[in-house]
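*Asks:* With the sequence up front, the predicted model follows.
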Amino acid sequence: MTGSEVERWGLGAVQEIDAAAMHVFARWSLQEIDLDFAGVNSVNQRRNVNQGFDSWNLFQVGGVIFF
């Protein structure tokens, strides 16, 4: 591998509910990656390859009760 680039974006929110000693949350995250490879093909010629991957979206929701 000769190089890489990663981008990550996200957004989240937390709501505290004091009467129930509870937190409720929601979160979204987007991740993208590009990789550069160098290799040799079957006739010993150097070859550079850029490999992009599908974007990855992560969604999370949940809650925590403190007692």
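*Replies:* Structure's in. What do you need?

*Asks:* in this protein, which strand has the most residues?
*Replies:* Criterion DSSP state E: the longest strand present in the chain is strand 22-40.

*Asks:* Sheet-wise, list the partners of the worst-scoring helix or strand of the chain on mean pLDDT with their directions.
*Replies:* Of the helices and strands making up the chain, the lowest-confidence element is strand 46-52, at a mean of 75, by mean pLDDT, DSSP states H and E. Sheet pairing of strand 46-52 (DSSP bridges) gives strand 22-40 (antiparallel).

*Asks:* what's the model's confidence in the strand it pairs with, averaged?
*Replies:* When pLDDT is averaged along strand 22-40, the result is 90.

*Asks:* Only alpha carbons, please: show that strand as PDB.
*Replies:* The C-alpha atoms that make up strand 22-40 are tabulated as PDB, following Å, rounded to 0.1, in the frame of the first residue of the first chain:
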ATOM      1  CA  MET A  22     -31.900   8.100  31.900                       C
ATOM      2  CA  HIS A  23     -30.100   9.200  28.700                       C
ATOM      3  CA  VAL A  24     -31.500   8.500  25.200                       C
ATOM      4  CA  PHE A  25     -29.300   9.000  22.200                       C
ATOM      5  CA  ALA A  26     -29.200   8.800  18.400                       C
ATOM      6  CA  ARG A  27     -26.000   8.900  16.300                       C
ATOM      7  CA  TRP A  28     -25.100   8.800  12.600                       C
ATOM      8  CA  SER A  29     -21.700   8.300  11.100                       C
ATOM      9  CA  LEU A  30     -20.400   8.200   7.500                       C
ATOM     10  CA  GLN A  31     -17.000   6.700   6.600                       C
ATOM     11  CA  GLU A  32     -15.300   6.600   3.200                       C
ATOM     12  CA  ILE A  33     -11.900   5.200   2.300                       C
ATOM     13  CA  ASP A  34      -9.600   5.200  -0.800                       C
ATOM     14  CA  LEU A  35      -6.400   3.100  -0.900                       C
ATOM     15  CA  ASP A  36      -3.500   3.200  -3.400                       C
ATOM     16  CA  PHE A  37      -1.600   0.000  -4.000                       C
ATOM     17  CA  ALA A  38       1.600  -0.700  -6.000                       C
ATOM     18  CA  GLY A  39       2.400  -4.100  -7.300                       C
ATOM     19  CA  VAL A  40       4.000  -6.100 -10.100                       C
END
